[in-house]
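Peer 1: predicted model and sequence follow; I will ask about them next.
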Amino acid sequence: MTEQPRRRLKISHRTRAVYEGSANSSHNELRMTPLTLPGQTTLDSRITITPATSVWTYWDYWGTQVTTFDLAQPHGELAIEALSLVETSAPGPLPEDPGWEAVEERLDADRLYEYVLPTPRTGIAAAPVAAAREACAQLPPQQAALAVAELVRDRVDYLPGSTGVHTGAQDAWDQRAGVCQDLTHLTIALLRRIGLPSRYVSGYLHPAPDAPAHTEVAGQSHAWLEYWAGDWIGHDPTNRTRPGESHVVVARGREYGDVVPHKGVYHGAPSGPPQVEVTFTRVL
């Protein structure tokens, strides 16, 4: 048997918030710890908070590891660094396409029904749904999913800075531009409307897979999706590809709102947008 290509990646995800005066207290949730899955093993992961404080971890409803912490003392800035070492491999062969009847039976028998319901960011109008149904007419589920993803990518240009975290699927369709989050939300919205359970995946994508080992490369968080057609199958609509050994899964949910890397509340002086920096180093 041929060994699957493997990659070992060191990922640093740093977030820094600076307040105009000081924050008196804050409560925070982080989803920055990569999962261990078939084809992905988290060898090491640690999160450092400045000012130093105790942290707690738990698994949320969608199967993501969450780190929480409170800061009760006044602080002028907050720094978070999540360091991970992850070994990944190329995906295995696709499962046998189950056909539409089997997908419908699975919806009734499992929690997959949660992944065909609309959410605030995956609402979609009738016109794009009709276009999706036309694009995948008479196709079995796996081929239908790819046809819908291609429809989205042909219509919507990847344009950094064109949207924000609150942009919805319909907005991306209308303005014909968006970022990976928008392409993912739009594809999910249409897959759900043709009857395929689909979930949002948040994680990382090494931006330069051919970079020499032990060379640090600047990157960013990334988003793609998984749809159920015999098993959960990943697809990266932004790059028109199946996720591979350069993709690292951190969180899954119905949409971005379920997987936000850092969210919280604080009491005190206002702050500007947080500064975020993600770097990758291939060590194998």
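Peer 2: The structure has been received and is ready for your questions. Numbers count the residues shown, from 1 in each chain.

Peer 1: quick check: next helix or strand after the helix or strand Arg16 falls within?
Peer 2: Here Arg16, judged by DSSP states H and E, is contained in strand 6-30. Sequence-wise, the next helix or strand downstream of strand 6-30 (DSSP H and E) is strand 40-50.

Peer 1: identify the bridge partners of the residue sitting nearest the centre point of the chain.
Peer 2: Nearest residue to the geometric centre of the chain (CA atoms, centre = their mean): Ser202, 1.5 Å. Listed beta-bridge partners, Ser202: Ala223, Ala251 (assigned using DSSP bridges).

Peer 1: wait, it sits on Thr33?
Peer 2: No. With contact defined as CB atoms under 8 Å, Ser202 does not reach Thr33; the gap is 11.6 Å. For glycine as for every other residue, the C-beta is placed from the backbone atoms N, C-alpha and C.

Peer 1: can you check the pLDDT for the residue nearest to the centre of the chain?
Peer 2: If you check Ser202, the pLDDT there is 98.

Peer 1: so for the strand holding Arg16, what's the average pLDDT?
Peer 2: The predicted model assigns strand 6-30 a mean pLDDT of 93.

Peer 1: what is the orientation angle of that strand with strand 40-50?
Peer 2: On the basis of axes from the mean of the first three to the mean of the last three CA atoms, to 10 degrees, strand 6-30 is oriented at 40 degrees to strand 40-50.

Peer 1: and strand 6-30, what does it pack onto?
Peer 2: strand 65-71, strand 75-89, strand 198-205, strand 262-268, strand 275-282 (3 or more CB pairs under 8 Å, 6 or more residues apart in numbering; DSSP states H and E).

Peer 1: turn those strands into TSV, including distance to Gly161.
Peer 2: TSV is the format used below for these (distance: least, CB to CB, whole Å):
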stretch	distance to Gly161
strand 65-71	29
strand 75-89	23
strand 198-205	18
strand 262-268	20
strand 275-282	14
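
Peer 1: so of the ones you listed, which one's packed in deepest?
Peer 2: Neighbour counts averaged per stretch over the helices and strands packed on strand 6-30 are highest for strand 198-205, at a mean of 24; criterion: mean count of other CB atoms under 10 Å.
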